[in-house]
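# Sequence and predicted structure below; questions after.
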Amino acid sequence: MTPENKSGWLHLTMLLLDIPFYQSILTQFQHTSWLEWTGTISGFICIYLAAKENIWSWPVSIISVLAYSIVFYESKLYGDTVLQFYFLATAIYGWYFWLKKKSTNDKPVESIAAAQWLYIVAGVLVLTILLGLFLKTYTDTDVPYIDGFCTAMSFAAQLMLSRKILQNWILWIIVDLCYVPLYIHKHLSLTAVLYFVLIILAFIGYLDWRKTYREQSH
């Protein structure tokens, strides 16, 4: 690369860094707590292992859950805070359920029928409204219904993941798309980056699990 090209790239980089949004993101990264780093790194590893159907995803997820329960509480994301305790319970259950499936040689991946989506959608909508009303009335959060929706979607997705249901990845893709701007709003930029990567991992997880499901169905 010539000195002129290097100068051009440097100039472009400086222009990008002059944009207030990017400056804000960089500032947030500089003030990221060790708890958020812990939750982010273990969360990334957890989802990667889950996509590969590796049972070690569950004990790793417990580390992420414990770290994020504190991070979210301090950020006034109370729905997500409570969700971490649910994640903790389902991590223990998922660990047991996956071990049981492995020992009994059951089919590793299941799929739901189209009609069952109606129950999932209805359940998420009802839970979103209830959580949103509760958070708006009894907490000081500024995003009650968004927090409620993400919590409700995560609740359903995590339960489906623990039961090794293929479509859990579809719910994760949707909710992660919502979480990215929410975490940026809450000055949790590192977590926002994690969830952006999780969108990609969830898509890969869906493809891998769908392949496994099709192979075991023959």
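Yes, it's here. Residues are numbered from 1 along each chain as shown.
# Show me the domain layout of this structure.
The chain breaks down by automatic domain parsing into domains covering 1-31, 32-217.
# What's the end-to-end length of the longest one?
Meaning domain 32-217. Terminal residues of domain 32-217 are spaced 46 Å apart (Cα to Cα, to the nearest Å).
# Now find how far off-centre it is within its chain.
Centroid displacement of domain 32-217 relative to its chain, using Cα atoms, centre = their mean, to the nearest Å, is 5 Å.
# Next, give phi and psi for the closest residue to Leu188 other than its chain neighbours.
Nearest non-adjacent residue to Leu188, counting by Cβ to Cβ, 6 or more residues apart in numbering: Ser75, 6.1 Å away. Every C-beta, even on glycine, is put in place using the N, C-alpha and C of the backbone. Main-chain dihedrals, Ser75, degrees, to the nearest 10: phi -90, psi 10.
# residues contacting Ser75?
Going by Cβ atoms under 8 Å, 6 or more residues apart in numbering, Ser75 touches Lys186, His187, Leu188.
# Mind doing that once more with 10 Å?
Ser75 makes contact with Glu36, Tyr68, Thr81, Thr141, Tyr183, His185, Lys186, His187, Leu188, Thr191, according to Cβ atoms under 10 Å, 6 or more residues apart in numbering.
# and Asp142, helix, strand or coil?
At Asp142 the chain is in coil, as set by DSSP: H, G, I helix; E, B strand; the rest coil.
# scratch that, Val65 is what I was asking about
When classified by three-state DSSP, Val65 comes out as helix.
# In the chain, where is pLDDT below threshold?
1-31, 101-107, 218 (pLDDT under 70).
# Name the single longest helix found in it.
helix 189-217 (DSSP state H).
# Just the buried residues of that one, please?
189-195, 197-199, 201-203, 205-206, 209, 212-213 (16 or more other Cβ atoms under 10 Å).
# All the helices of this protein, in order from the start?
Counting by DSSP H, residue ranges of the helices within the chain are 3-18, 20-30, 34-51, 57-74, 78-104, 116-138, 144-162, 168-185, 189-217.
# so which of those gets nearest Glu110?
Evaluated over the helices of the chain, closeness to Glu110 peaks at helix 189-217, with 7.7 Å, by Cβ to Cβ.
# other SSEs contacting the closest one?
helix 20-30, helix 34-51, helix 57-74, helix 144-162, helix 168-185 (3 or more Cβ pairs under 10 Å, 6 or more residues apart in numbering; DSSP states H and E).
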